[in-house]
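Asker: What follows is a protein structure lacking sequence information:
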């Protein structure tokens, strides 16, 4: 099947290679990549046979919206756009309306698998009209792990459902990572445990906590030179926050996902204003000694 | 290798079968099991050649302590006891002293894998003297998943280290389960998502959150008849609490593991005294309406 | 000073009485109240001398927006509107634009003090232009506790700052209430403590935790007949959620405020979907017994 | 009434002054204080008329246990010891047994009020036998805020109940402080708010969140020179941990108190091992950039 692919970063370029290896005709465009197959978005659109399918794989937010806007002016009625980025599900409706003016259909697709997906396959969470999803199945099939489409693909619901499912997936991921990390820290704090990476490795087969994330963690902490250089400064990419916002909207308690998110916020503070207030308060009522400032973190 | 095995419950009986299939000579004793090979602990001890190895696989706490006490009077110098239960690591030292009076050695071994371990193999976290651990390796090897001993076995440190590692493993497990459960609830609350089990299933291959626990969760929520009957009342088995206590002792922040534990506590309350206090307080200051009692949960 | 007051509920009627007792000329309107001084919003506007000041004290959201819309058509250039409700700060800008078309100024004012404010005075957090705030000082002065304006009034910043400060105030309030409530539950769980209300009462003077909320809690739990009837079902009014959303926007960790909010969410669930998933999962991997359904809460 | 007082630190010396001003005969001893009235514990015991009452006001743990041990050898049958320190309630029973061998009675008394108690009065939470408590009432009365004994004193139950009530009091205090601190940080993060200390000050009268702790916080953050120098490094004194341990023992969910405690733990880490693990993990699966080490905090 023929597919236009906009965005050839870590994810997009891996997907192009995987799709091509499985026989699909992928024309990729990325203005910032030497590997671009065409020199402009217009050239990409020209190169595709109608009805066209263009998969957008660029950063969420303004970059995605800009590409969608351009495509709404270049594509024709009956063409299809797939948004494979981490777009917030609330924006899917806005993008769909922009495209609908030109009778172009939108499908949203959350893609998981990271840099490993090219070799191992990607998991796909898709939202949109059943006809559109059905037409795209050859592409979805090729992206999923071989022979495991049933366990790595879902048509989660109408437009937005794919990004919603991916957003919650990422929220869960925050919680899982923090759970392992707390266990790691506790093992490292206990003198009885003589080899922390070896304990984590022994959890990786046969246990209740075995997982792909744990395998990665074992690798990460076992490479001592690398791990020694890592700082406990952790970004968050937006989807954790959106997940908690959705929990607020639905009145769903998410103590674990939110705790994992707040741990990331705190990890980025050189000195917490809140804890400074607590320290000052302690000094006031109890005459407890108060530490004066440390030099700020980098 | 010859092994006495005390306790033939779900875990012990599975371990006996697995060990026998791999050629070991296991003599099992359980006063409450028709499958017991001998009729008393004394008979078990008599049946073993010196130096004997007795694996204790009974509930932690009083039952384990009682068996250890009896063995300390029946075994001889040079014999070995392996405690494979979920004993708190602080008790290992007490048990070791009891046994040391008769020159008997203790090895502690946390065993993970549940009812699936008989077929898939168990993960083992072991504490004790290197000589003892080394002598027991044929047994450990047979219990681990075939060909994966390096990823499912660890000699974690001196006596107590095995149970410590298993305790932290269980604490992490609480956090992982709660993270998935929060994601599940959020998906179920969102109207866009038309098939929640299908979304979870699509997470099970190719994603960052894939794991054995997720596979089980997919099975659990996919069986609608079964899941419909499940109540949100969740026990905790002690090790989650011990993990948090260790975090307190080491001043390690464990927001996720503790949140998962507290969610279990709350799940067992028919009506929360704390929330009744909050409700009463709101009624006082704001004139907010207050609900009168619901009938208690079963 | 003359003031039009829209909304004569618990808060508005108390404020009218307090302002009148301090010599202000308050004309109140409420279509649902027999105590309304005029029969329509138009009549209220007619009764006021220019430049008019109208204080809106109706529920946040649609009701407030509707009154603001009506006032934008009835008032004249140079008139002023004060929004004393719990409007989300993000809406203040929208309301200000609606009013600005008619050259009407908006001041936002968060009001704390509940039903006790009429007698004890209200705390006021105000946002808006300095001239407008200055002109309104006689009203603010009269509403504050006598002689304590410096400790109960703040011009917190430009438009929206007042509602922002009030929103955070309510978020903090959630945390404080939950902290006391957890302490209450723990005291109630401990056999050594023979009289829980008496312990709380002994905290109410001389201690580090003494507060007005604690005084209310002592009263609430001391009235055994009343407290016995209270159910642990706790509503949240929106501002706790907005506070957490702001924390997400600013990447400020709020583990305590969010935990207090999630405890309220959980208090309203008859059976937690998340905990049902945890229970089902435990049953799967460990053969742990699973409870079947309880009858739902009312 | 005559009282021996061991320990003349911040708390003990304030209590001696307050008791003397109210006419009590206090003989104080502290080996490290020039203000000691006698030169040895033996001299203190000699100076008191039988039956003697000795109030121990020294740091919890080893210091208290040592003084109790010495007093068990120096006092006589019918004498009384009051432990006014922050002893863990579980140790009260051990101390009582030590003293009981010499027929000496123990009363435990949690004291709140900090350095402000000398002027404002202390709150007292007492455990012990009713006869002993009754005999000590003149002392308790004098320590409490004038005329407010009913709201600042409780005989909370048998031996240990006083320290239990004080422990929970401190746990609640952690939660309250963190709630205010989170609100402070959020206000400070929001550009609309032009004067954060002024907002906190406006909360201090008339609001739902007014309290003594808030008054202290207003003072603390208003002194800019002082607050600028405070570092967000916060100790914990043991009672917060014990409170959470008790919550674990009683299966009481304490999400707020534990979150406040963990925030303190985290405030003392120069670089969190858990967050380093999260950062390393992110780098592995997503190719996310990882920060290398910052220089450690002081």
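Answerer: Nice, thanks for sending it over. Values in this document were obtained by computation on a predicted structure and should not be read as measured data. Residues are numbered from 1 along each chain as shown, chains lettered A, B, ... in the order given.
Asker: touching chain D at all, the one helix or strand residue A:12 maps to?
Answerer: Per DSSP states H and E, residue A:12 falls inside helix A:10-21. Yes: with Cβ under 8 Å from any Cβ of the partner chain as the criterion, chain D is reached by helix A:10-21 at residue A:10. For the C-beta atoms, the positions are set from N, CA and C on the backbone; glycine is no exception.
Asker: Next to chain C, which bits of the stretch 101-250 of chain A? Give me the list.
Answerer: A:208, A:236, A:241, A:244-245, A:248-249.
Asker: could you give the angle of the following helix or strand past the helix holding residue A:12 to helix A:10-21?
Answerer: Next helix or strand after helix A:10-21 toward the C-terminus (DSSP H and E): strand A:25-29. With axes from the mean of the first three to the mean of the last three Cα atoms, to 10 degrees as the basis, strand A:25-29 and helix A:10-21 are set at 160 degrees to each other.
Asker: So in that sheet, which strands flank strand A:25-29, and in what orientation?
Answerer: The pairing partners recorded for strand A:25-29 under DSSP bridges are strand A:2-6 (parallel).
Asker: which residues in the stretch 1-150 of chain A form strands?
Answerer: With DSSP state E, counting those that start in this stretch as the criterion, the stretch 1-150 of chain A has strands at A:2-6, A:25-29, A:53-56, A:80-83, A:105-112, A:123-127.
Asker: Distance of residue A:157 relative to residue D:190?
Answerer: Applying Cβ to Cβ, to the nearest Å, the value for residue A:157 to residue D:190 is 36 Å.
Asker: okay, now the domains of chain A?
Answerer: Following automatic domain parsing, chain A resolves into domains at A:2-159, A:168-267.
Asker: Please tabulate the strands of the stretch 1-150 of chain A in TSV, including the columns mean pLDDT.
Answerer: Formatted as TSV, the strands of the stretch 1-150 of chain A follow (pLDDT from 0 to 100):
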stretch	mean pLDDT
strand A:2-6	98
strand A:25-29	98
strand A:53-56	98
strand A:80-83	98
strand A:105-112	97
strand A:123-127	98
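Asker: Looking at the ones you listed, which one is packed in the most?
Answerer: Counting by mean count of other Cβ atoms under 10 Å in any protein chain shown, strand A:123-127 has the highest mean neighbour count of the strands of the stretch 1-150 of chain A, with a mean of 30.
Asker: got a list of contacts for it?
Answerer: For strand A:123-127, contacts defined as Cβ atoms under 8 Å, 6 or more residues apart in numbering or on different chains pick out A:89, A:92, A:107-113, A:133, A:136, A:140, A:143-145, A:152-166, A:169, B:192, B:199, B:202-203, B:205-207, B:210.
Asker: cool, and stretch A:91-99?
Answerer: A:64-65, A:68-69, A:71-72, A:75, A:81, A:83, A:87, A:105-106, A:108, A:127, A:159-160, A:163.
Asker: In strands only, show me the residues of the stretch 101-250 of chain A next to chain C.
Answerer: Among these, none falls in strands (DSSP state E).
Asker: Now, the residues you listed that are in helices?
Answerer: A:241, A:244-245, A:248-249 (DSSP state H).
Asker: can you put those residues in CSV and add distance to residue C:216, neighbour count and pLDDT?
Answerer: Formatted as CSV, those follow (distance: Cβ to Cβ, whole Å; neighbours: other Cβ atoms under 10 Å in any protein chain shown; pLDDT from 0 to 100):
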residue, distance to residue C:216, neighbour count, pLDDT
A:241, 34, 23, 98
A:244, 30, 25, 98
A:245, 32, 18, 98
A:248, 27, 24, 98
A:249, 30, 13, 98
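Asker: so which of the domains of chain A is the most packed in?
Answerer: Of all the domains of chain A, as judged by average neighbours under mean count of other Cβ under 10 Å, the leader is domain A:168-267 with a mean of 24.
Asker: now do the same end-to-end measure for it.
Answerer: End-to-end span of domain A:168-267 (Cα to Cα, to the nearest Å): 22 Å.
Asker: Can that domain be said to contact chain D?
Answerer: Yes: Domain A:168-267 lies within reach of chain D by Cβ under 8 Å from any Cβ, at A:177-178, A:180-182, A:184-185, A:188-189, A:213, A:216-217, A:219-221, A:226-235, A:255, A:259, A:263-264, A:266-267.
Asker: With stretch A:56-63 instead?
Answerer: No: against chain D, stretch A:56-63 shows no contacts by Cβ under 8 Å from any Cβ, the least distance being 13.2 Å.
Asker: Just name the closest of the residues of the stretch 101-250 of chain A next to chain C to chain B, please.
Answerer: Nearest to chain B, judged by Cβ to the nearest Cβ, of those is residue A:208 at 5.2 Å.
Asker: from memory that closest one sits against residue B:117, does it?
Answerer: No: Residue A:208 lies out of contact with residue B:117 (Cβ atoms under 8 Å); the separation is 10.0 Å.
Asker: Narrow the contacts of strand A:123-127 to those in helices?
Answerer: Mapping the contacts of strand A:123-127 onto helices (DSSP H) picks out A:89, A:92, A:133, A:140, A:143, A:161-166, A:169, B:199, B:202.
Asker: could these go into TSV alongside distance to residue D:55?
Answerer: Shown next, in TSV, are those (distance: Cβ to Cβ, whole Å):
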residue	distance to residue D:55
A:89	65
A:92	70
A:133	78
A:140	77
A:143	75
A:161	68
A:162	69
A:163	66
A:164	63
A:165	64
A:166	64
A:169	60
B:199	64
B:202	68
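Asker: from those, which is closest to residue B:25?
Answerer: residue B:202 (47.0 Å; Cβ to Cβ).
Asker: For residue A:86, grab phi and psi.
Answerer: phi -90, psi 40 (degrees, to the nearest 10).
Asker: contacting residues for the nearest residue to it once chain neighbours are set aside?
Answerer: Once flanking residues are discounted, residue A:86 sits nearest to residue A:60: 4.5 Å by Cβ to Cβ, 6 or more residues apart in numbering or on different chains. Going by Cβ under 8 Å, 6+ apart, residue A:60 touches A:85-88, A:238.
Asker: Between these, which has the least confident prediction?
Answerer: On pLDDT alone, residue A:238 ranks lowest of the contacts of residue A:60, at 91.
Asker: Would you mind measuring from it to chain B?
Answerer: 16 Å (Cβ to the nearest Cβ, to the nearest Å).
Asker: ok, now residue A:16?
Answerer: For residue A:16, the distance to chain B - Cβ to the nearest Cβ - is 17 Å.
Asker: I figured that residue hits residue A:5, correct?
Answerer: Yes: using Cβ under 8 Å as the test, residue A:16 is close enough to residue A:5 to be in contact (5.7 Å).
Asker: okay, and the common contacts of those two?
Answerer: With Cβ under 8 Å, 6+ apart as the test, residue A:16 and residue A:5 both reach A:26, A:28.
Asker: Give me the helices and strands touching the least confident helix or strand in chain A by mean pLDDT, please.
Answerer: Every helix and strand of chain A was ranked by mean pLDDT, DSSP states H and E. The lowest is helix A:224-229, at a mean of 88. Applying 3 or more Cβ pairs under 8 Å, 6 or more residues apart in numbering or on different chains; DSSP states H and E, we find helix A:224-229 packed against helix A:212-222, helix D:273-286.
Asker: Go ahead and measure how far the last one is from the middle of the chain.
Answerer: Shown here is helix D:273-286, whose average C-alpha point lies 38 Å from the average C-alpha point of the whole chain (Cα atoms, centre = their mean, to the nearest Å).
Asker: Please apply the same query to stretch A:40-48.
Answerer: So, by Cα atoms, centre = their mean, the centroid of stretch A:40-48 is 28 Å from its chain's centroid.
Asker: next one: stretch A:48-68
Answerer: 17 Å.
Asker: first to last residue in that stretch, what's the distance?
Answerer: First residue to last in stretch A:48-68 (Cα to Cα) measures 17 Å.
Asker: ok, residue A:198 to residue B:152 distance?
Answerer: For residue A:198 relative to residue B:152 (Cβ to Cβ), the value is 11 Å.
Asker: okay, the domains of chain A in CSV with distance to residue C:23 next?
Answerer: Compiled in CSV, the domains of chain A are given as follows (distance: least, Cβ to Cβ, whole Å):
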stretch, distance to residue C:23
domain A:2-159, 51
domain A:168-267, 44
